Each structure stands twice: as structure tokens, then as C-alpha cells.
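> pasting the structure only:
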């Protein structure tokens with residue numbers, strides 16, 4: 001992946017003399033970057049370069065520091081700047097930063113169609129408001145919100161070819177896996193097209209070690225509620241004053257990671273000479289393409305396998321779907337039961 005890093009680095013905006021980047025985060029969505037069935041990372045360098053020149057994450061996502069992190073950045077006289085590929089934070093070359101410092105950022109989706117073309121967004125995101133009698137306090141939670149962190153993130157490659165991801169390592173299969181979950185299996189990267197048991201899977205890459213660490217189900221944070229508070233969701237986040245209800249995800253960047261210093265932002269208390277560049281990769285949705293007669297609504301045909309939905313290119317041989325909502329089929333046509341198919345309707 002080193003060639004991708006070189007391309008992206010050439011696109012980064014420069015910081016004024018006396019400042020250097022503390023870290024950079026790249027938000028790369030494969031709906032916009034994959035070309036039909038071809039994974040962005042497997043395209044030629046010239047093609048990747050062209051797609052990145054047209055790419056702007058600010059068209060569908062917004063990232064901002066939390067209230068407390070904004071105060072920290074102002075105290076450090078740091079620069080927070082969004083870019084076409086994500087955002088960066090820069091500080092003075094002499095700014096001292098504590099090893100245990102943490103910077104938090106809120107991701108919100110600004111494109112109404114974002115949830116139509118983004119995988120792993122079928123999970124419910126309900127907001128819970130629960131009274132804690134022992135404290136006479138209302139706690140607010142939002143379920144199934146991912147937390148991306150350089151403390152728990154995984155990597156691919158080594159040395160100059162090492163790419164740092166803020167997602168946790170993609171897990172192996174689990175009997176409780178749901179539709180769109182990702183798995184590592186015998187060296188391959190798989191995605192579920194239906195829920196367990198007897199889930200249908202598709203192979204994203206035969207060599208998972210060369211594929212990105214996509215946003216996956218392990219990024220949903222296990223929620224640890226206050227003692228004696230019941231009824232909280234099993235996975236989610238606290239909704240504090242600095243986190244809006246519409247939050248899609250949180251990014252948490254620690255100054256240091258002792259277990260893997262490549263993920264650290266500082267060395268001896270100051271920004272490293274070469275700052276870490278972190279990736280968050282969003283997987284585009286795959287679905288069965290179901291063709292309907294535009295006049296009668298009758299089914300004409302359906303693809304034998306699920307195909308990826310992308311802005312560029314066409315994974316099929318007929319008209320491709322747009323970014324309209326996908327539909328799901330439930331076992332026994334009961335919404336409380338397992339998902340057996342994800343499909344999109346195309347009128348022709």
C-alpha cells in the first residue's frame with residue numbers, strides 16, 4: 001500500500017513553517033474509490049491517482065473535535081484542518097504533549113444517501129435515556145456507534161510499506177454474526193451477505209493481508225455502564241454534551257501507543273519528525289441486483305450473486321444501481337428474524 005500513501009501524501013496541504021503535523025487521518029470510502037468489482041488498492045497507480053483527485057470526503061462526512069478536544073487544541077495553539085481525504089492536526093515543533101493525552105473527534109454523515117451505499121449500517125442506532133436512581137441522573141447512550149482508535153487499530157505491511165488503520169483487526173467467524181459483518185477466514189477476507197446461521201458469504205480478497213482493515217463489527221464499542229444501571233445497550237457510546245445525537249462514529253487519537261510506536265504521534269513529548277498517517281476505510285455495500293419492468297413492476301431478472309455498488313465502474317453487465325436504499329429480506333418475512341438477503345431494485 002506504500003504507493004497509495006505516496007499519492008495521498010502529495011495531495012496533503014502544507015503547514016506554515018514552524019509547525020509540523022502531529023497526525024493525519026484519512027477517511028477513504030470505497031463506494032467512491034472502487035471501480036466496479038475492482039478494489040481501489042488493486043487498481044493501477046495512475047488510476048488511483050485520478051480517482052483521488054476527484055475524491056472529497058467532505059461531500060459526505062463531517063469531522064470536528066469534541067468540545068474538550070477543541071479546548072485542548074486551542075491551549076496547545078494547534079491547527080485542526082479538514083482536507084479532501086480527511087483531516088490533520090499540526091502543532092509547533094517545540095510544543096510539549098503529555099504521553100497520556102487523547103484527542104477525540106466526532107464523525108457525522110452529511111450526505112442523506114450515505115447509509116444507502118455504506119456497508120455495516122444495517123444495525124440499529126437507537127438513543128437510550130436512562131435514569132440512574134443512585135445518582136438521580138439521566139444517562140444518554142447511542143447504540144452501535146464505532147470508535148476508531150490508534151491504541152486498538154490494526155496494521156498491514158511492515159517497514160516503509162506499513163499502513164496504519166484505526167479499525168480493530170477484522171475477526172474470524174462467530175455464530176452471532178449478522179449480515180454485512182466482515183470475517184477473516186483461511187487468509188481470505190469475507191463479507192456476510194446474510195445473517196448467521198448458514199450465512200452466505202462473498203470473498204472481498206483472497207489475500208486479507210494485502211487488503212485494507214475496513215470498518216468492521218469489532219469497532220462497535222462494548223458499553224460499560226455505571227454500577228447498578230440497567231437497560232443500557234450492549235454496544236454503544238455515552239452521549240455527552242460534546243457529542244451530538246446524529247453522531248455516526250468517534251475517532252480517538254492517543255499521543256502514544258507503547259505496544260506499537262508506529263501508531264504514536266509523539267516521541268520524547270513532541271511531535272515526531274514523520275507523523276503517523278491513519279486510515280479509516282469504509283466498505284461499499286454489496287447486494288443482489290434485481291431488475292424490474294418499469295411499467296409493470298414485475299421481476300425481469302436477478303443477479304446470481306451479490307455485486308458491489310460503486311459510483312465508478314459497473315460490477316454487472318446491465319444497468320447498475322444508484323445510491324438508492326437497498327432492501328432486505330427477512331426469514332419468514334418477519335423483521336425481528338435474521339436477514340436472508342440484501343438486494344436493490346433497478347427498473348428497466
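Sure, I can see it. This one's a predicted model, so the numbers in the text were calculated from it and none came from an experiment.
> Let me see the domain layout of this protein.
The chain breaks down by automatic domain parsing into domains covering 2-115+146-166+239-282, 286-347.
> right, and those domains - which one's nearest residue 225?
domain 2-115+146-166+239-282 (13.0 Å; C-beta to C-beta). Any C-beta I mention is one placed from the backbone N, CA and C, and that applies to glycine too.
> The nearest residue to residue 126 once chain neighbours are set aside bridge partners, please.
In this structure, residue 126 finds its nearest non-sequential neighbour in residue 143, 5.4 Å apart by C-beta to C-beta, 6 or more residues apart in numbering. Here residue 143 sits in beta bridges with residue 236, going by DSSP bridges.
> for the stretch 151-300 of the chain, which spans come out with low pLDDT?
By pLDDT under 70, the stretch 151-300 of the chain contains no weakly predicted segment.
> What segments of it are strands?
Per DSSP state E, counting those that start in this stretch, the stretch 151-300 of the chain carries strands over the ranges 155-156, 163-165, 182-185, 188-192, 201-205, 236-238, 247-254, 266-267, 270-271, 277-282, 286-292, 299-302.
> looking at the ones you listed, which is buried most?
strand 277-282 (a mean of 24; mean count of other C-beta atoms under 10 Å).
> contacting residues around that strand?
Outside strand 277-282, the residues within contact range by C-beta atoms under 8 Å, 6 or more residues apart in numbering are 5, 8-9, 23-31, 86, 118-119, 148, 150, 153, 163-167, 212-215, 251, 253, 263.
> Listing partners with orientation, what would you give for the longest strand along the chain?
Secondary structure of the chain per DSSP state E: the longest strand is strand 19-29. The pairing partners recorded for strand 19-29 under DSSP bridges are strand 86-92 (antiparallel), strand 277-282 (parallel).
> The next helix or strand after it packs against which elements?
The element immediately downstream of strand 19-29 (helix or strand, assigned by DSSP states H and E) is helix 30-33. Applying 3 or more C-beta pairs under 8 Å, 6 or more residues apart in numbering; DSSP states H and E, we find helix 30-33 packed against helix 45-53, strand 277-282.
> cutoff 6 Å now
Using 3 or more C-beta pairs under 6 Å, 6 or more residues apart in numbering; DSSP states H and E as the contact test, no helix or strand touches helix 30-33.
> CSV for the strands of the stretch 151-300 of the chain, including distance to residue 173?
Listed next are those as CSV, based on distance: least, C-beta to C-beta, whole Å:
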stretch, distance to residue 173
strand 155-156, 20
strand 163-165, 21
strand 182-185, 5
strand 188-192, 8
strand 201-205, 9
strand 236-238, 23
strand 247-254, 24
strand 266-267, 38
strand 270-271, 41
strand 277-282, 21
strand 286-292, 18
strand 299-302, 26
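> for these, which one sits closest to residue 320?
Comparing the strands of the stretch 151-300 of the chain by C-beta to C-beta, strand 286-292 comes nearest, at 7.5 Å.
> Output the strands paired with strand 19-29 as TSV; include the columns distance to residue 139.
As requested, the strands paired with strand 19-29 are arranged in TSV below (distance: least, C-beta to C-beta, whole Å):
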stretch	distance to residue 139
strand 86-92	30
strand 277-282	28
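> which one of those lies closest to residue 124?
strand 277-282 (18.9 Å).
> Kindly calculate the angle that the closest one makes with strand 247-254.
160 degrees (axes from the mean of the first three to the mean of the last three C-alpha atoms, to 10 degrees).
> quick one: buried residues of the helix or strand containing residue 128?
According to DSSP H and E, residue 128 maps onto strand 127-132. Judged by neighbour count using 16 or more other C-beta atoms under 10 Å, the buried positions of strand 127-132 are 128, 130.
> now swap in stretch 334-346 and tell me
In stretch 334-346, counting by 16+ other C-beta under 10 Å, buried: 338, 339, 340, 341, 342, 343, 344, 345, 346.
> Rounded mean pLDDT for that stretch, please.
Average pLDDT, stretch 334-346: 94.
> where's that stretch relative to the chain centroid, distance-wise?
Remark: stretch 334-346 is offset 23 Å from the chain centroid, using C-alpha atoms, centre = their mean, to the nearest Å.
> Check what contacts it and list those residues.
Identification of contacts with stretch 334-346 by C-beta atoms under 6 Å, 6 or more residues apart in numbering yields 179, 194-195, 287-292, 319, 321, 326-331.
> average pLDDT for the strand holding residue 128?
On average, strand 127-132 scores 96.
> Report all helices and strands that it contacts.
Against strand 127-132 (3+ C-beta pairs under 6 Å, 6+ apart) you get strand 137-143.
> Can you list the strands that the next helix or strand after the strand it packs on pairs with?
Following strand 137-143 in sequence order, the next helix or strand is strand 147-149 (DSSP H and E). Strand pairing for strand 147-149, determined by DSSP bridges: strand 247-254 (parallel).
> before we move on, the earlier item: point out the most buried one among the domains of the chain.
It is domain 2-115+146-166+239-282: most buried of these by mean count of other C-beta under 10 Å, with a mean of 17.
> Span of stretch 142-154 from start to end?
One end of stretch 142-154 to the other measures 25 Å (C-alpha to C-alpha, to the nearest Å).
> List the contacts of it.
123, 125-127, 165-166, 168-169, 213, 219-221, 233, 235-237, 239, 249-254, 257, 263, 278, 280.
> Kindly recompute the last result at 7 Å.
Applying C-beta atoms under 7 Å, 6 or more residues apart in numbering, the contact partners of stretch 142-154 are 123-128, 164-169, 213, 215, 219-221, 233, 235-237, 239, 247, 249-254, 257, 263, 278, 280.
> Great, nothing more from me.
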